[in-house]
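# Quick one, what's the 3D model for this:
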Amino acid sequence: MDLHTHTVFSDGIGNIRDNIAEAERKGLKIVGISDHVHFFTPHLLNSYLSLIGQAKKESETIVLAGVEANILPEGVDISYDFRKKLDYVIASVHLYLEPGRHDEYLELIKLAIQDENVDIIGHFGNVFPYIGYPSMEEYKEIVDLAAEYGKAFEISSRYRVPELDFIKLCIKRGVKLTFASDAHQPRDVGSISWSLKAFKKAGGRKEDLLFSELL
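Just a heads-up that it's a prediction; the model follows:
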């Protein structure tokens, strides 16, 4: 699976059918289209969903409709009206944070985990090399909260995160995982080899994946 791909509906350069064609070529069982939510108006979202809906009928690969939302200090920028039309929502931090402020980042992640409109936390920890790494206890607190609220984490091949110990914690606590290329051009759709390796190294099995019932 690759649940994190972008198209011309946000900051990608390919169209929806291009992404799906690449997923088919690489033998993916599931591909998700997950453009950035702040690019959408209600009308544009309807066009997006219409094109994805048509592709679902025509493709042998399972196609899911998602978006990537932003985690902001005031909350995640997606409404229930948008969420109910989608198969899933990824929420990611895209803010600049000062070095040494990993605590601020974790507070934003906790906010998203508790948001009912969110399903997956995107590229968790991609900023840790710049803002500092949490302790294992802080990792455990995040994973426990995700288990309580039924949230998943993506394993991002683009950023090579989360850390292996964090993935192991997720598997141990029953927190679901997904694979993500974070592709912004069609040729990168399905580029999830790092995700697969990390997942297997952590001892992951099919049932540890979100949407495993579709695999």
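
# Just checking: what are the partner strands of the helix or strand containing residue 89?
When elements are assigned from DSSP states H and E, residue 89 belongs to strand 88-92. According to DSSP bridges, strand 88-92 forms sheet pairs with strand 62-72 (parallel), strand 120-121 (parallel).

# which of those strands sits most buried?
Greatest average neighbour count among the strands paired with strand 88-92 goes to strand 120-121 (a mean of 25), per mean count of other CB atoms under 10 Å. Heads up, the C-betas are built off the backbone N, CA and C, glycines and all.

# Contacts made by it with the rest, please.
By CB atoms under 8 Å, 6 or more residues apart in numbering, the surrounding residues in contact with strand 120-121 are 3, 88-92, 109, 112-113, 146, 151-154, 178, 210.

# how far is that strand from where the chain is centred?
Taking CA atoms, centre = their mean, to the nearest Å, one finds strand 120-121 lying 5 Å from the centre of the chain it belongs to.

# Can we start the residue count at 12 from this point?
Noted, 12 is the first residue going forward, which turns the last one into strand 131-132.

# Could you identify the helix or strand that succeeds it?
Next helix or strand after strand 131-132 toward the C-terminus (DSSP H and E): helix 139-142.

# Now that following helix - C-alpha only, PDB.
The C-alpha coordinates for helix 139-142 follow below in PDB (Å, rounded to 0.1, in the frame of the first residue of the first chain):
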ATOM      1  CA  PHE A 139      13.600  15.600  15.200                       C
ATOM      2  CA  PRO A 140      17.100  16.000  13.700                       C
ATOM      3  CA  TYR A 141      16.500  19.800  13.900                       C
ATOM      4  CA  ILE A 142      14.500  20.200  17.000                       C
END
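
# any idea of the mean pLDDT in stretch 135-153?
In this model, stretch 135-153 carries a mean pLDDT of 98.

# how distant is it from the center of its chain?
The chain centre lies 17 Å from the centre of stretch 135-153; the measure is CA atoms, centre = their mean.

# measure that stretch end to end?
With CA to CA, to the nearest Å as the measure, the first residue of stretch 135-153 is 11 Å from its last.

# Likewise for stretch 40-54?
First residue to last in stretch 40-54 (CA to CA) measures 29 Å.

# In it, which residues are buried?
Within stretch 40-54, the residues scored as buried using 16 or more other CB atoms under 10 Å are 41-48, 50-51.

# Now intersect those with the strands, please.
41-47 (DSSP state E).

# wait, which of those residues is closest to residue 63?
Closest approach between these and residue 63, by CB to CB: residue 44, at 5.7 Å.

# and the closest one, what does it touch?
Per CB under 8 Å, 6+ apart, neighbours of residue 44: 16, 18, 20, 27, 30-31, 59, 63, 74-77.
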